[in-house]
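# Below are the sequence and a predicted model; questions follow.
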Amino acid sequence: ELKVEQNPLFLSMQEGKNYTIYCNYSTTSDRLYWYRQDPGKSLESLFVLLSNGAVKQEGRLMASLDTKARLSTLHITAAVHDLSATYFCAVENSNYQLIWGAGTKLIIKP
Amino acid sequence: DSGVTQTPKHLITATGQRVTLRCSPRSGDLSVYWYQQSLDQGLQFLIQYYNGEERAKGNILERFSAQQFPDLHSELNLSSLELGDSALYFCASSVDGTGIFYTFGSGTRLTVV
């Protein structure tokens, strides 16, 4: 059974700092997704990573995937307050279902 | 607007009652997924339909059922509601049944009192 672990679950950081959120998963998969959720809102797709070594960047966020290590990272560069949200990784299993991490609540303080 | 429409946005009901949540997928999408997001369980996959047929089941309780109609909209029926069923219920759609082109609706917040 595919399990997905994210860490940290909570992250409070200062504006301008860099940090990384980690997503580990337990069985083979080549598809991993990062989503953002603001409080009480829907899930917004950030990145779709479809192969080993995939790296995608959008603004201050960069995501990468290492399928051999079963690890994805979401790196935040020079954080700004607007990036405060909860970030989820989700891994697609063999039945095309998304199995979700618990989410990382990110608070960025001025 | 993601193109996936969920109604109602909010629902408050009493224990023991039955409710129906509705989802209209994005135009052209054949697959509909239902997810439950609760504080204690996180995001959980409930059920998937593809072009009217049930394709996969996740952690869906026997008190819950769903269907996808010929026009591709889907309904999630929750019965004999318990306090623990209070959650945000999301619908997502995709064109081909994979997660690559997932689009989520805005969700229905169900509160059972």
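Arrived safely.
# Show me which residues of chain A are close to chain B?
A:31, A:33, A:40-45, A:48, A:50, A:88, A:90, A:92, A:95-100, A:102-103 (C-beta under 8 Å from any C-beta of the partner chain). Every residue, glycine included, has its C-beta placed from N, CA and C.
# Can you get me a residue count around the residue of chain A found nearest chain B?
Chain B sits closest to A:W100 of chain A, with a gap of 4.0 Å, by C-beta to the nearest C-beta. The number of residues packed near A:W100 is 21, by other C-beta atoms under 10 Å in any protein chain shown.
# and the nearest residue to it once chain neighbours are set aside, how many residues sit next to it?
Spatial nearest neighbour of A:W100, excluding adjacent residues (C-beta to C-beta, 6 or more residues apart in numbering or on different chains): B:L43 at 4.0 Å. Neighbours of B:L43 under the rule other C-beta under 10 Å: 22.
# phi, psi of A:D82?
A:D82 adopts backbone torsions of phi -60, psi -20, taken as degrees, to the nearest 10.
# The residue of chain A closest to chain B and B:G58 touch, don't they?
No: at 10.9 Å, A:W100 does not count as touching B:G58 under the criterion of C-beta atoms under 8 Å.
# what do these two both touch?
Residues touching both A:W100 and B:G58 (C-beta atoms under 8 Å, 6 or more residues apart in numbering or on different chains): B:Q44.
# Strands along the chain, start to end?
The chain I'm using is chain A. A:4-7, A:10-14, A:19-25, A:32-37, A:43-49, A:55-58, A:61-66, A:71-76, A:85-92, A:98-100, A:104-109 (DSSP state E).
# that's the wrong chain, I meant chain B
Using DSSP E, strands in chain B cover B:5-7, B:10-13, B:19-24, B:31-38, B:42-50, B:53-57, B:64-68, B:74-78, B:87-94, B:103-104, B:108-112.
# Need these in TSV (columns: mean pLDDT).
Shown next, in TSV, are the strands of chain B (pLDDT from 0 to 100):
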stretch	mean pLDDT
strand B:5-7	97
strand B:10-13	98
strand B:19-24	98
strand B:31-38	94
strand B:42-50	93
strand B:53-57	92
strand B:64-68	97
strand B:74-78	98
strand B:87-94	95
strand B:103-104	90
strand B:108-112	97
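# Same list, those, but as JSON lines with distance to A:T27 please.
Below are those laid out as JSON lines (distance: least, C-beta to C-beta, whole Å):
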{"stretch": "strand B:5-7", "distance to A:T27": "31"}
{"stretch": "strand B:10-13", "distance to A:T27": "36"}
{"stretch": "strand B:19-24", "distance to A:T27": "29"}
{"stretch": "strand B:31-38", "distance to A:T27": "20"}
{"stretch": "strand B:42-50", "distance to A:T27": "16"}
{"stretch": "strand B:53-57", "distance to A:T27": "17"}
{"stretch": "strand B:64-68", "distance to A:T27": "27"}
{"stretch": "strand B:74-78", "distance to A:T27": "28"}
{"stretch": "strand B:87-94", "distance to A:T27": "22"}
{"stretch": "strand B:103-104", "distance to A:T27": "24"}
{"stretch": "strand B:108-112", "distance to A:T27": "31"}
